[in-house]
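Chemist: Please find the sequence and the predicted model below.
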Amino acid sequence: MNPAILSALAEPNRLGIVELLAREPLTVGEIAARLQIRQPQASKHLRVLTDAGVVEVEAVANRRICRLRPEPFRELDDWLGTYRTLWQDRFDQLDEYLQHLQQQPSDPQPTTPPEEQP
């Protein structure tokens with residue numbers, strides 16, 4: 001797993017950019033407007049995302065069209081797969097334990113609390 005990807009996604013504005021670009025490619029100006037940040041700030045965040053390999057920027061005339069690259073997200077998904085397996089195993093064990101508890105015959109409990117019994 002490339003730590004630059006996680007580092008790039010850790011900042012809230014950059015994560016917001018990724019969420020916007022997941023829907024559609026956008027220009028730098030559109031990103032800035034939707035996130036309500038200035039265009040130089042958007043450009044700075046896009047540079048970090050581009051350096052991490054998360055975003056690619058295509059020059060079309062005088063506009064810069066930004067879009068997500070799928071490869072870093074596949075890498076992230078593969079890395080997270082290890083942890084999904086870990087949690088799935090734990091959930092399976094919990095499920096087995098709960099089923100075991102449900103199959104146990106219930107012992108009759110005294111209706112009077114123990115401190116009140118003779």
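Modeler: Nice, I can see it. Numbers count the residues shown, from 1 in each chain.

Chemist: Give the buried residues for the lengthiest helix in the chain.
Modeler: As assigned by DSSP state H, the longest helix anywhere in the chain is helix 70-103. The neighbour-count check on helix 70-103 (16 or more other C-beta atoms under 10 Å) flags 72, 76 as buried. In this view, the C-beta of every residue, glycine as well, is placed from N, C-alpha and C.

Chemist: Return the distance of it from the chain's centre.
Modeler: 15 Å (C-alpha atoms, centre = their mean, to the nearest Å).

Chemist: what's the average pLDDT for that helix?
Modeler: Mean pLDDT, helix 70-103: 89.

Chemist: Near the residue nearest to Ile65 when sequence neighbours are not counted, how many other residues are there?
Modeler: Nearest non-adjacent residue to Ile65, counting by C-beta to C-beta, 6 or more residues apart in numbering: Glu58, 4.8 Å away. When neighbours are defined as other C-beta atoms under 10 Å, Glu58 has 10 of them.
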